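In: Just to be clear, the model below is a prediction. Sequence and coordinates:
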Amino acid sequence: MPSPNEILAELKKVKYPGFTRDIVSFGIIKDIEVAHAGVTVVLGAPSAKPEIIHQIAESVKQTVGAMTGVPAVEIRVEAPPPESQPRPQQTMARRSIPGVRHIVAIASGKGGVGKSTVAVNLALAMRALGWRVGLMDADVYGPSIAMMVGVEKSVALTPERKIIPLERFGIRYVSMALFINDETAVIWRGPMVTKLETEFLFNVEWGELDCLVLDLPPGTGDAQLTITQRVELAGGVVVTTPQEVALLDVKRGVEMFREVDVPVLGVVENMSYYLCRKCGKRHEIFSHGGGARYAAELGVPFLGELPILRELREGGDSGSPIVAVNPAHPVSGTFKEIAAEVIESVDTARN
Ligand SMILES: Nc1ncnc2c1ncn2[C@@H]1O[C@H](COP(=O)(O)OP(=O)(O)O)[C@@H](O)[C@H]1O
Ligand SMILES: [Mg+2]
């Protein structure tokens with residue numbers, strides 16, 4: 001009889017329907033019990049459609065059943081959690097944006113980990129996969145505006161005084177920072193920022209979007225919590241770097257979303273390793289793999305890792321993000337994989 005680990009290794013060969021990634025890394029396998037009578041595999045995928053679960057169950061049964069020494073295979077599907085009771089904070093009105101199907105928030109424990117870089121390129125990658133995408137930069141404290149528009153631009157209003165987003169690389173884009181450098185600067189600062197940010201979000205003429213990517217201000221404090229509480233979010237993504245200190249923040253990021261009942265779509269580890277341009281080799285600078293390990297410990301998906309790369313920095317700093325200007329680059333490929341997963345998660349969650 002094979003050990004649970006051997007069975008798990010075998011199940012890594014089973015792809016999630018429609019994806020190149022396997023069901024193990026998707027977090028579908030919740031438990032494997034090996035007993036005399038046979039093997040029981042417990043599946044859990046609260047957000048997947050029943051036919052997908054059925055398909056996975058069949059493949060698991062076949063794969064495990066084909067292993068030598070397995071007399072019988074039983075599949076158990078974890079019941080989805082009962083509809084959660086509204087929590088006190090949830091009684092606060094959560095608003096959706098008319099015309100916008102999904103809103104995904106990008107968070108990080110602190111500034112400088114590449115949250116805006118990930119937000120911009122993830123938005124562009126979703127666009128590349130055919131989604132109509134908007135990007136709202138609510139991270140007013142970073143220089144992230146340059147990432148999309150490169151230079152200072154001004155914003156026009158509709159006759160109803162709604163903000164008309166800028167268009168670049170096929171996505172709609174608005175940054176709080178666009179409003180910060182003029183005479184209104186004073187009112188956008190301080191504790192009013194959060195409140196205004198939320199209002200601001202609803203005052204943009206987004207039009208029809210499949211997804212609005214929300215680049216949250218760095219940190220997991222009250223300001224971020226307020227935004228995540230007021231807006232109807234399809235999910236949150238937490239960006240980290242591999243250093244231990246940053247990884248501790250992953251937990252905070254995940255907890256922040258959980259506290260307000262927002263599904264955590266996963267963790268992205270940025271600046272994971274150094275990709276040498278000369279030799280093409282990958283050099284581990286920090287102890288590697290922490291993001292994936294923490295994600296597993298916290299029970300959330302690990303979406304992927306991105307190298308330290310000059311093109312990522314230069315592209316961001318000069319308003320030419322890599323996914324838009326170099327779609328064939330392997331890192332653009334990684335962003336598309338992450339985007340595909342995010343798309344899958346938010347779409348299945350809704351159905
Ligand atoms: N993977 C990366 N490789 C190289 N430079 C990066 C990478 N990710 C981000 N940067 C650079 O690091 C700085 C901080 O990134 P940014 O996305 O603004 O972080 P945050 O929004 O978390 O503050 C920027 O100059 C950006 O271009
Ligand atoms: Mg930023």
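Out: Structure's in. What do you need? Numbers count the residues shown, from 1 in each chain. Ligands and ions are numbered 1, 2, ... in the order given.

In: The strand ranked longest in the chain near ligand 1 anywhere?
Out: The residue-count maximum for a strand in the chain (DSSP state E) belongs to strand 100-108. Yes: counting by CB under 6 Å from any ligand atom, ligand 1 is contacted by strand 100-108 at residue 108. C-beta here means a position set from N, CA and C on the backbone, and glycine is covered the same way.

In: And that strand, how far out from the chain middle?
Out: 8 Å (CA atoms, centre = their mean, to the nearest Å).

In: And what about residue 111, helix, strand or coil?
Out: Here residue 111 is recorded as coil under DSSP: H, G, I helix; E, B strand; the rest coil.

In: for the one 5 residues further on, same thing?
Out: Under three-state DSSP, residue 116 falls in the helix class.

In: So it is in contact with residue 316, correct?
Out: Yes: using CB atoms under 8 Å, residue 116 makes contact with residue 316 at a distance of 7.4 Å.

In: neighbour-wise, which of those two wins?
Out: Neighbour tally, residue 116 and residue 316, criterion other CB atoms under 10 Å: the higher count belongs to residue 116, 29 against 21.

In: mind checking pLDDT for the more buried one?
Out: Per-residue pLDDT puts residue 116 at 91.

In: The protein - how does it break down into domains?
Out: 4-77, 89-350 (automatic domain parsing).

In: winner for burial among those domains?
Out: Among those, domain 89-350 has the highest mean neighbour count (mean count of other CB atoms under 10 Å), at a mean of 19.

In: Looking at the domains of the chain, spot the one closest to ligand 2.
Out: Judged by CB to the ion, the one of the domains of the chain that comes nearest to ligand 2 is domain 89-350, at 3.1 Å.

In: tell me how far the closest one is from the chain's mean position?
Out: Distance, stretch centre to chain centre, for domain 89-350: 8 Å (CA atoms, centre = their mean).

In: residues in the protein within reach of ligand 1, list them.
Out: 108, 111-117, 139, 142, 144, 218, 270-271, 306, 308-309, 312-313, 316-317.

In: Let's see that with 8 Å instead.
Out: Within the chain, the residues that sit near ligand 1 (CB under 8 Å from any ligand atom) are 108, 110-120, 139, 142-144, 147, 215, 218, 239, 270-271, 306-310, 312-317, 331.

In: Just the ones of these in helices?
Out: Using DSSP state H, the subset of those located in helices is 115-120, 147, 310, 312-317, 331.
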